[in-house]
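*Asks:* Below: sequence and its predicted model.
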Amino acid sequence: MTKKRSTTARKPRTDALRNRERILEVAKAAFTRQGANASLEEIAKMAGVGIGTLYRHFPTRDVLIEGVYRNEVEKLAAAARRFAEKMTPLEALRAWMLLLVDYIAAKHIIAPALNTIAGGPSRLHEGSRTMIQGAIDGLVKRAKRSGDLRRDLDAFDLLRALIGVSHVGSSADWPQSARRLVDILIAGSRPLK
């Protein structure tokens, strides 16, 4: 008599999830420093796992690069929810916008690695755009309801401004400028008196 296999997927073990997260964090740092050709063996070693564990989670370099990118987008979206639960509407929006600046900076650094993936980065950006737009939309709507932001503000205007400043120049100090811009944008988005 043979045992019947369950058709439901098994939930990953806690240690497997921890290993996956550690690999993603180390890989992000490695791709940021060394580009798409960072040593996978070195990434595994720095993450405290064997190369087999890395390949079990990420069978190819492209899958690992995609994983790093998606993980950053998911953390950005989750931060919006976390900030909304713990902060006033305006504080939550400001904190999230500052985090977005850091995300954009990391994305610029990892962009060459993203470009090595078959199909290019545009395939990855499809889902991330929706998550990022949803996160800022929720924060802006909450701040409008509280009366902290003017009613005619479109959340996309804030996104456009921050993304735009990251493309204005290639100088290394653009993130500092973008952080200052967050406060300027929020001040300019307050209701007119």
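*Replies:* Right, received. Where do you want to start? Numbering: from 1, shown residues only.
*Asks:* contacts, neighbours, all on C-alpha from now
*Replies:* Noted.
*Asks:* how's the chain carved up into domains?
*Replies:* 13-59, 62-188 (automatic domain parsing).
*Asks:* Any idea which of those domains has the lowest pLDDT on average?
*Replies:* When the domains of the chain are compared on mean pLDDT, domain 62-188 scores lowest, with a mean of 84.
*Asks:* Need the contact partners of the helix or strand that contains residue 52.
*Replies:* Residue 52 is part of helix 51-57 when elements are defined by DSSP states H and E. Here helix 51-57 makes contact (C-alpha atoms under 8 Å, 6 or more residues apart in numbering) with 20, 23, 40-41, 44-45.
*Asks:* Tell me the gap between that helix and the middle of its chain.
*Replies:* Distance of helix 51-57 from the chain centroid (C-alpha atoms, centre = their mean, to the nearest Å) equals 23 Å.
*Asks:* how many neighbours does residue 193 have?
*Replies:* For residue 193, the number of neighbouring residues by other C-alpha atoms under 10 Å comes to 3.
*Asks:* Model confidence score at it, please.
*Replies:* 73.
*Asks:* Let me see the contact set for it.
*Replies:* Residue 193 neighbours (C-alpha under 8 Å, 6+ apart): none.
*Asks:* Give me the distance between it and residue 33.
*Replies:* Using C-alpha to C-alpha, to the nearest Å, residue 193 is found at 48 Å from residue 33.
*Asks:* Kindly report the same for residue 144.
*Replies:* For residue 144, the distance to residue 33 - C-alpha to C-alpha - is 40 Å.
*Asks:* more neighbours, those two?
*Replies:* Taking neighbours as other C-alpha under 10 Å, residue 144 and residue 33 compare with residue 144 leading, 20 against 12.
*Asks:* where do the helices sit along this structure?
*Replies:* 14-34, 40-47, 51-57, 61-86, 89-115, 120-145, 155-168, 174-188 (DSSP state H).
*Asks:* Can you list the buried residues in the second one?
*Replies:* Within helix 40-47, the residues that count as buried by 16 or more other C-alpha atoms under 10 Å are 40, 43-44, 47.
*Asks:* of those residues, closest to residue 65?
*Replies:* Comparing the buried residues of helix 40-47 against residue 65 with C-alpha to C-alpha places residue 40 closest, at 10.9 Å.
*Asks:* ok, back up a step: in a markdown table: the buried residues of helix 40-47, plus distance to residue 176.
*Replies:* A markdown table is the format used below for the buried residues of helix 40-47 (distance: C-alpha to C-alpha, whole Å):
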| residue | distance to residue 176 |
| --- | --- |
| 40 | 32 |
| 43 | 30 |
| 44 | 33 |
| 47 | 30 |
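*Asks:* Having no further points to raise, I will conclude here.
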